[in-house]
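# What follows is a protein structure lacking sequence information:
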């Protein structure tokens, strides 16, 4: 350091001051050169912070307000450390990939490198965070807060079959036998009303839906009604939406009609010749007009049809019911104990049950008549392995919450279930505070949001999706979620009481903005998750969200379609910490280039928008894991640089198969996305050398759905190299040639198509296959090996003359549409005992109807049109058989 003293003397600085200045400069310069090492120390500090937060959560009850404040500041610091480290990791990864020889020539990456300026900025942020952490650590010493001070929460038992247990929930009519019998008697009796309606009303979590399910599944009810229809309505729902949902529940098919008049007419047609039971679960509309507009469509019915409604509102119940009005009240202590016992003592001996019965009854008293609380506590107690001390501890904790009940209205029995969750499950559940009241969601949707926020990590060889799925199933088992009777995909929702609990535990980090409440949070810097309930009319005030610069998630929930001009380009340059952005169901048609600023983004959903094209800047989002573009019917192209999204796991491009369209082109390099698991649509593109891009599918582990379009430009070699047979988790496959392919008898083209489809052999466990616009004369031989296929669709195959389904014993649905040359019904059709639905439309050359028993015995839906011979058979020789089919539609040709 002698050179420092000499230089300071030459510049005229006093020796002590000069030495101090140059010591600072030297120290800063060293840190700038070793910013990665500083980040490594910070990463280790973050791990210690997470361990401390986990320990604090396991204490369950922290009463001192100062300690609570300290924990919030520590958690906020943990978020900031995570963001800073993620930024450093991203910059490092981009720099490394930009330096790869194969990428240097095109230089596709944005200019983010660890140059002097970037190092200076990172060093400043690391220094500030270290100072914050030092202050927090001093405060910790003042509170004498040390890891291990509190007793540990018992860890939940391993449940190897979460989903089966959750899906087959025990819904015994404990305490509801009398109410159930009253409703069943009213349903099967003659009412003399134009539209008999029964209503069940009561508070949230009291068991209205459970009682309705018990009635719905009663054997006497199943025999009396030819059709049972279940519809769950969201809290915000107009007549058009409700009518559409009922049609979808009746038909089992997606309804895309928009006009209310046409929807009502279609519903009347569907219900006209049915004796149905319609259950409308969760009817919120208190206005008289909603029911008066919905009711006429339901009156086209057979004698004996009835409607059953569940609602939280007495006014709604009185308005709609005309034969029975059930006010569901809380269960008694004995009944709560019986429910609690079912879950708490599952698999235990009777002696164990007897020893804990007295304590269990005391716990049941704290359920306050709620069956939801009784089940939640029962599942919690099942984790204690019958340890009496833990049961007594739970009673003590419930008493603490009872004494604190004046601060919130959440049942202590529900809070106890949350308090005993492991830390990672607490985080996953608290995250659900972003969901609006009553909104349904798909499991994969929530799982991918958890992944984006880093709430679930992969362990060992298991995919992170599997770990997140286990978390979901555990919360479902513990009643933090509940299943929905939605169509077409299984959906879930958070019970209202549980959603209130989620909002309570995350109130300092989560924010819901609606037109009536735009109050600024006390600590904007703590807010990480924001949901905007968009107004029906008027501008959306995005400027009110800009102050929450640390947001990790932003979700728009439009009450109706949101105009695109309300989405400013400044949104993304302000909220640069975002990890998840959901702008689904808006009228967004342009995504600003500034989306490329979202370096941390892992989840981007533009589902059901009017987006036409994506900016090339999207390809700068190196961390992006999920890009949801489902039902984006106006989207014509994907960006050319998609191959740069090396962390992409789910590229969701699903369109309704009856309306599916191809992109104008498919970007090259999809095979570079080695982690890709979801690729709903793939467009075949031919190159100048005569090759096609089907070979890019070879090493991709695609799961779920795959729709391959423009197969007319495919090659046999490319089809073989696609390796569809190796994609063992593929479930739904569509093979589609473009309309008008090979219109003339071009023998070479026909033979080439037959070779290509033979080479596109899928895995044998496929469940849904659709072949569309196929110009060949014969179906591929591999169809006979699809032993698990449940749905087979043959659409617009003009040269197909016959095919066999003899080996497809799992088939439940067959659809044949516009197959002009089809001469006979599929061989083996009459032996398909599990077949539920047969639709044949547009097969005018289908002549030979050779046997009276051509239809399987158990078929429940038959649709025939555009097939003269089959139509005549249905009304003549086969009339007796057809009359026994519950849902039949035979449209006679003129």
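Sure, I can see it. Bear in mind that the values here come from a model prediction, so they are computed numbers and not experimental data.

# Poorly predicted segments of the stretch 751-894 of the chain, please.
In the predicted model, the stretch 751-894 of the chain carries pLDDT under 70 at residues 848-853, 893-894.

# Next: the stretch 101-250 of the chain.
101-124, 139-173.

# And the helices in it?
With DSSP state H, counting those that start in this stretch, the ranges of helices along the stretch 101-250 of the chain come out as 101-104, 116-143, 162-167, 177-188, 208-216, 219-224, 239-251.

# wait, what's in contact with residue 616?
Counting by CB atoms under 8 Å, 6 or more residues apart in numbering, residue 616 makes contact with 639, 640, 641. Glycine gets a C-beta too; all of them are placed from N, C-alpha and C.

# Give me the buried subset of these.
Neighbour-count burial (16 or more other CB atoms under 10 Å) applied to those gives 639, 641.

# out of the contacts of residue 616, who's nearest residue 580?
Closest approach between these and residue 580, by CB to CB: residue 639, at 20.1 Å.

# I'd say the closest one and residue 624 touch.
No: the criterion here is CB atoms under 8 Å, and residue 639 misses it with residue 624 at 11.6 Å.

# which helices and strands sit right next to the helix or strand hosting residue 270?
For residue 270, the enclosing helix or strand under DSSP states H and E is helix 260-271. In this structure, helix 260-271 makes packing contacts with helix 239-251, helix 288-298, judged by 3 or more CB pairs under 8 Å, 6 or more residues apart in numbering; DSSP states H and E.

# Buried deepest among the ones you listed, which one?
Ranked by mean neighbour count under mean count of other CB atoms under 10 Å, the helices and strands packed on helix 260-271 are led by helix 239-251, which reaches a mean of 20.

# which other residues reach it?
Taking CB under 8 Å, 6+ apart as the rule, helix 239-251 contacts 227, 229-231, 233-234, 254-255, 257-258, 260, 263-264, 266-267, 270-271, 278, 280, 290, 293-294, 297, 485, 487-488.

# The same query, at a cut-off of 7 Å, please.
By CB atoms under 7 Å, 6 or more residues apart in numbering, the residues outside helix 239-251 that reach it are 229-231, 233, 254-255, 257, 260, 263-264, 266-267, 270, 278, 290, 293-294, 297, 487.

# Please spell out the ChimeraX selection for the buried subset of those.
To isolate the buried members of those in ChimeraX, using 16+ other CB under 10 Å:
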select :229,230,231,233,255,257,260,263,264,266,267,270,278,290,293,294,297,487
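
# Spit out the contact partners of residue 86.
Per CB under 7 Å, 6+ apart, neighbours of residue 86: residue 600.

# ditto for residue 222
residue 228.

# Please renumber the chain so that the first residue is 533 from this point on.
Sure, I'll start numbering at 533, so the last one becomes residue 754.

# State the distance from it to residue 1154.
Computed as CB to CB, to the nearest Å, the residue 754 to residue 1154 distance reads 54 Å.

# sorry, back to before: which one of the helices and strands packed on helix 792-803 lies nearest to residue 1129?
Nearest of the helices and strands packed on helix 792-803 (CB to CB): helix 771-783, 36.0 Å.

# what's the angle between the closest one and helix 820-830?
Counting by axes from the mean of the first three to the mean of the last three CA atoms, to 10 degrees, helix 771-783 lies at 30 degrees to helix 820-830.

# now the strands for the stretch 1033-1182 of the chain?
Under the criterion DSSP state E, counting those that start in this stretch, the stretch 1033-1182 of the chain contains strands at 1042-1045, 1061-1066, 1085-1090, 1112-1114, 1135-1137, 1158-1160, 1182-1184.

# Same list (the ones you listed) but as TSV, adding distance to residue 928, mean neighbour count and mean pLDDT.
Shown next, in TSV, are these (distance: least, CB to CB, whole Å; neighbours: other CB atoms under 10 Å; pLDDT from 0 to 100):
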stretch	distance to residue 928	mean neighbour count	mean pLDDT
strand 1042-1045	30	21	88
strand 1061-1066	33	21	87
strand 1085-1090	36	21	88
strand 1112-1114	39	23	96
strand 1135-1137	41	23	97
strand 1158-1160	43	23	97
strand 1182-1184	45	23	97
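
# Next, residue 616: secondary structure please.
Secondary structure assignment for residue 616 (DSSP: H, G, I helix; E, B strand; the rest coil): helix.

# Number of residues surrounding it?
As a burial measure, residue 616 scores 19 neighbours (other CB atoms under 10 Å).

# isn't it right next to residue 661, touching?
Yes: with contact defined as CB atoms under 7 Å, residue 616 and residue 661 form a contacting pair (6.5 Å).

# can you pull out the helices in the stretch 1033-1182 of the chain?
Remark: helices assigned in the stretch 1033-1182 of the chain by DSSP H, counting those that start in this stretch are 1102-1106.

# Now do the same contact list for residue 892.
869, 872, 873, 876.

# Inside strands: which ones of these?
Nothing among those maps onto strands, per DSSP state E.

# Is it possible to get CSV of the helices and strands packed on helix 792-803 that adds distance to residue 719?
As requested, these are exported to CSV (distance: least, CB to CB, whole Å):
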stretch, distance to residue 719
helix 771-783, 18
helix 820-830, 15
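
# Remind me what the helix or strand just after the helix holding residue 802 packs against, helices and strands.
Sequence-wise, the next helix or strand downstream of helix 792-803 (DSSP H and E) is strand 808-813. Counting contacts by 3 or more CB pairs under 7 Å, 6 or more residues apart in numbering; DSSP states H and E, strand 808-813 is packed against helix 740-748, strand 759-764, strand 838-843.

# Show me which positions of strand 808-813 end up buried.
By neighbour count on 16+ other CB under 10 Å, the buried set for strand 808-813 is 808, 809, 810, 811, 812, 813.

# cool, stretch 1417-1426 as well?
Of the residues in stretch 1417-1426, those buried (16+ other CB under 10 Å) are 1417, 1419, 1420, 1422.

# Equivalent analysis for stretch 1326-1344, please.
So, applying 16+ other CB under 10 Å, buried residues of stretch 1326-1344: 1326, 1327, 1328, 1329, 1330, 1331, 1332, 1335, 1337, 1340, 1343, 1344.

# Helices - which of these land there?
Residues from the buried residues of stretch 1326-1344 lying in helices, with DSSP state H as the criterion: none.

# of those, closest to residue 1063?
Set against residue 1063, the nearest of these by CB to CB is residue 1344 (39.0 Å).

# before we move on, back to that, now for residue 616 and residue 661: what residues contact both?
By CB under 7 Å, 6+ apart, no residue touches both residue 616 and residue 661.

# Which of the buried residues of stretch 1417-1426 sits closest to residue 1411?
The shortest approach to residue 1411 among those belongs to residue 1422, at 9.7 Å (CB to CB).

# Assign the closest one to helix, strand or coil.
Three-state call for residue 1422 (three-state DSSP): strand.

# Name all residues that make contact with it.
1396, 1403, 1406, 1407, 1414.

# looking at the contacts of residue 892, which has the most residues close by?
residue 872 (28 neighbours).

# who's in contact with that one?
892, 895, 896, 906, 909, 910.

# Do you know the pLDDT at it?
Looking at residue 872, its pLDDT is 88.

# repeat for the one 4 residues further on
pLDDT, residue 876: 84.

# swap in residue 939?
Model confidence at residue 939 (pLDDT) stands at 53.

# How about residue 1325, nearest residue that isn't a chain neighbour?
Nearest residue to residue 1325, sequence neighbours excluded (CB to CB, 6 or more residues apart in numbering): residue 1302, at 3.9 Å.

# Name whatever forms a beta bridge with the one you found.
residue 1266, residue 1325 (DSSP bridges).

# quick one: it and residue 1266 touch, right?
Yes: Residue 1302 is within contact range of residue 1266, at 4.4 Å (criterion: CB under 7 Å).

# Now list whatever residues contact both of those two.
Residues touching both residue 1302 and residue 1266 (CB under 7 Å, 6+ apart): residue 1189.

# and the angle for the helix holding residue 802 with strand 759-764?
For helix 792-803 against strand 759-764, the angle by the same axes, to 10 degrees is 140 degrees.
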